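Novice: Here is a sequence together with a model predicted from it:
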2 protein chains.
Amino acid sequence: MGNRMSVYRLSAYSRALKKFRELGYVKIFSKNIANTSGVTEFQVRKDFSLYGITGNKRGGYIVEDLISKIDSIFGKNKIEKVILIGCGSLGSALLKYRGFEKEGMQVAAGFDEDSSKQIKINNIVVYPMSHLQEFIRVNMISAAVLAVPGIVAQEISSLLIKYGILGILNFAPVNLTISENSNVSIINVNVATELENLLYHVNSNKSKIGTNSLPGS
Amino acid sequence: MGNRMSVYRLSAYSRALKKFRELGYVKIFSKNIANTSGVTEFQVRKDFSLYGITGNKRGGYIVEDLISKIDSIFGKNKIEKVILIGCGSLGSALLKYRGFEKEGMQVAAGFDEDSSKQIKINNIVVYPMSHLQEFIRVNMISAAVLAVPGIVAQEISSLLIKYGILGILNFAPVNLTISENSNVSIINVNVATELENLLYHVNSNKSKIGTNSLPGS
């Protein structure tokens, strides 16, 4: 099956296709998808073939068919319930984030050990951590979003895996790792590292344009 | 200078070094850094040499020196002011996010065209978009964080670049691109794509363990 990069590309194709649909397109060619996704036609067809998507080179693809095929690859034809661990500033923002529904996910609950955070945010109940195992079992949860402090992230991710979670999207400022052969996937999104990266590039660009002060000043 | 991956590694070394400092370490060897950062000793020394950090192979490095050298590479010895464009749910969470200060940044202001969002969040004023150009000029801002809807992200990033911004951390759900030779850097963090990626992996792991229902169920 697909590697991480091909998954990202498939995601980009899907986004492009939805734009074409909005524009009224019914049929589409790999060339159109390639152009709007910044890859080659060959890459598009290669990715489609990797995921078992077949088309008619001459006649193109039916936009609606392609969208639903990609959606089903991403498991979007059914709603996946996800839980969010850590409801501090980033976590509570994620509880309010509308992107989950758009991506075929529903945030079933939040969890936080701080009782002052055990409230309802955006109609989603935040439970104490002691409810975690039972909630995962009863609600058949497979996916979790982690927004806890770095210092407890590894411990909590181990708990989640023990309780049956198969995929973790980690926003804690540490890179979580698991063994290669595990049936669990961890995706790390490190905002702190990205800020550091931004800072580095800004400084490096400042010296490139030969100023430590500002354009316009 | 460094490429994107070496910047990320340097960031990991810095994090490891701060942990060693907390543990009371005064001197350290590249081997220690390598072990905690998940890379080889050779890689650590290669990265250090790339950024002009010199040490004594036999005597090791002084932890404090290394931290301050890396901090100065990231430009953390002075506070970099950053602005945040788009103060919806994700943007306002970022205004509350304490990671900025930790990374040597200060959020100087927020901007949003919706007047209901032009309030004070975490003591940071959210201004109308019409104030953007003047604010960047007067406050000598070089870095911006973008948390606007995808549909306006490209347009706003062009504005920012026109007004003198040198680095953009983009949370809008589109991959922004700029020309190769530009003195501006864009770092894309796409939460929607990461959610899609999570969903894909969860579904793929479900089929690997041969169940569409849940462990424990």
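Specialist: Great, that's in hand.
Novice: C-alpha only now, for contacts and for neighbours.
Specialist: Will do.
Novice: now the helix or strand of chain A with the lowest mean pLDDT, how far from the chain's geometric center?
Specialist: Across the helices and strands of chain A, mean confidence by mean pLDDT, DSSP states H and E is lowest for helix A:99-102: a mean of 79. Offset of helix A:99-102 from its chain centre (Cα atoms, centre = their mean, to the nearest Å): 10 Å.
Novice: moving C-terminal of it, what's the next helix or strand?
Specialist: Later in the chain than helix A:99-102, the nearest helix or strand by DSSP states H and E is strand A:105-111.
Novice: Which strands or helices does that following strand pack on?
Specialist: Packed against strand A:105-111 by the contact rule (3 or more Cα pairs under 8 Å, 6 or more residues apart in numbering or on different chains; DSSP states H and E) you find strand A:80-85, strand A:124-127.
Novice: helices or strands up against the next helix-or-strand element following the first one?
Specialist: Scanning forward in sequence from strand A:80-85 by DSSP H and E, the next helix or strand is helix A:89-96. Applying 3+ Cα pairs under 8 Å, 6+ apart, one finds that helix A:89-96 contacts strand A:80-85, strand A:120-121, helix B:89-96.
Novice: just so I know, which of the ones you listed lies nearest A:Val184?
Specialist: With Cα to Cα, the closest approach to A:Val184 among these belongs to strand A:80-85: 14.6 Å.
Novice: Helix or strand: which one has the residue nearest in space to the middle of chain A?
Specialist: Residue closest to the average C-alpha location in chain A (Cα atoms, centre = their mean): A:Leu169, at 7.0 Å. Assigned by DSSP H and E, A:Leu169 falls within strand A:167-170.
Novice: what about that strand, near chain B?
Specialist: Yes: part of strand A:167-170 sits near chain B under the criterion Cα under 8 Å from any Cα of the partner chain, namely A:Gly167, A:Ile168, A:Leu169.
Novice: circling back to that earlier point, mind listing what's buried in the least confident helix or strand of chain A?
Specialist: Buried positions in helix A:99-102, judged by neighbour count with 16 or more other Cα atoms under 10 Å in any protein chain shown: A:Gly99, A:Phe100.
Novice: How about stretch A:112-131?
Specialist: Buried-residue list, stretch A:112-131, by 16+ other Cα under 10 Å: A:Asp112, A:Lys117, A:Gln118, A:Ile119, A:Ile121, A:Ile124, A:Val125, A:Val126, A:Tyr127, A:Pro128, A:Met129.
Novice: For chain B, state which of these is nearest.
Specialist: Lowest distance from chain B to the buried residues of stretch A:112-131 (Cα to the nearest Cα) belongs to A:Ile121, with 11.8 Å.
Novice: hmm, back to that, helix or strand right after the strand holding A:Leu169?
Specialist: Assigned by DSSP H and E, the successor of strand A:167-170 is strand A:185-188.
Novice: I'd say A:Lys69 and A:Ile53 touch.
Specialist: Yes: if you go by Cα atoms under 8 Å, A:Lys69 and A:Ile53 touch, sitting 7.4 Å apart.
Novice: picking up where we left off before, spatially, which two of the buried residues of stretch A:112-131 are the most separated?
Specialist: Pairwise over the buried residues of stretch A:112-131, using Cα to Cα, the maximum falls at A:Ile121 and A:Met129, 16.4 Å.
Novice: circling back: just checking, which of the buried residues of stretch A:112-131 comes out lowest on pLDDT?
Specialist: Here the lowest pLDDT out of those sits on A:Ile121, with 84.
Novice: For that one, give me its contacts.
Specialist: A:Ser92, A:Leu95, A:Lys96 (Cα atoms under 8 Å, 6 or more residues apart in numbering or on different chains).
Novice: Mind putting the residues you listed into TSV with pLDDT?
Specialist: Shown next, in TSV, are the contacts of A:Ile121 (pLDDT from 0 to 100):
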residue	pLDDT
A:Ser92	84
A:Leu95	86
A:Lys96	81
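Novice: Quickly name whichever of these is closest to B:His201.
Specialist: Nearest member of those to B:His201, counting by Cα to Cα, is A:Leu95, at 21.3 Å.
Novice: where in chain A is pLDDT low?
Specialist: Across chain A, the ranges flagged by pLDDT under 70 are A:1-4, A:57, A:179-181, A:210-217.
Novice: quick check: domain ranges of it?
Specialist: A:4-73, A:80-194 (automatic domain parsing).
Novice: Need the winner for burial among those.
Specialist: Stretch with highest mean neighbour count among the domains of chain A: domain A:80-194 (a mean of 19; mean count of other Cα atoms under 10 Å in any protein chain shown).
Novice: Between its first and last residues, how far does that domain reach?
Specialist: Distance across domain A:80-194, first residue to last, is 28 Å (Cα to Cα, to the nearest Å).
Novice: Tell me how far that domain lies from the chain's centre.
Specialist: On Cα atoms, centre = their mean, the centre of domain A:80-194 falls 12 Å from the chain's centre.
Novice: same thing with stretch A:70-85?
Specialist: Remark: stretch A:70-85 is offset 10 Å from the chain centroid, using Cα atoms, centre = their mean.
Novice: how about the helices and strands packed on strand A:105-111, which one is nearest A:Glu134?
Specialist: When these are ranked by proximity to A:Glu134 (Cα to Cα), strand A:124-127 comes first, at 11.3 Å.
Novice: Thanks a lot, catch you later.
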